[in-house]
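Novice: give the three-dimensional model of this entry:
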Amino acid sequence: MRAQALRGFESHPLRTMFYYVYILQSQKNNSLYIGCTTDLRNRVKEHNLGESKATKPLRPYKLIFMEEES
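Specialist: A predicted model of the protein is given here:
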């Protein structure tokens, strides 16, 4: 039964979802913010546009570290 459930699965490539762990540094007071996302470029942009309540008061931010995980 298990083999039946997987039939046809081998013809579809597996998609690997990448996650990014990142650290931003406030250019206002040098504080750090740690986060994770699947779209790093967009997430940093959102932080700097003030779309995150947690980081809005201390913008702008500079990305100082990122690591990609799958």
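
Novice: can you pull out the helices in this protein?
Specialist: In the chain, the helices defined using DSSP state H lie at 2-6, 40-48.

Novice: least reliable of those by average pLDDT, please.
Specialist: When the helices of the chain are compared by mean pLDDT, helix 2-6 comes last with a mean of 50.

Novice: okay, and the beta partners of Glu69?
Specialist: Listed beta-bridge partners, Glu69: Tyr19 (assigned using DSSP bridges).

Novice: tell me the contacts of it?
Specialist: For Glu69, the residues meeting the contact criterion (CB atoms under 8 Å, 6 or more residues apart in numbering) are Phe18, Tyr19, Tyr20, Val21. The way it works is simple: take the backbone N, C-alpha and C, and place the C-beta from them, glycine included.

Novice: equivalent analysis for Tyr20, please.
Specialist: Residues in contact with Tyr20 (CB under 8 Å, 6+ apart) are Cys36, Thr37, Thr38, Leu40, Arg43, Met66, Glu67, Glu68, Glu69.

Novice: whichever of the residues you listed end up buried, select them in ChimeraX.
Specialist: Listed next is the ChimeraX selection for buried residues among the contacts of Tyr20, using 16 or more other CB atoms under 10 Å:
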select :37,40,43
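
Novice: out of the contacts of Tyr20, who's nearest Glu51?
Specialist: Distance ranking of the contacts of Tyr20 against Glu51, using CB to CB, places Arg43 first at 9.5 Å.

Novice: confirm for me that the closest one is in contact with Tyr22.
Specialist: Yes: in this structure, Arg43 is within contact of Tyr22 by CB atoms under 8 Å, at 7.4 Å.

Novice: who touches both of these two?
Specialist: Common neighbours of Arg43 and Tyr22, counting by CB under 8 Å, 6+ apart, are Gly35, Thr37.
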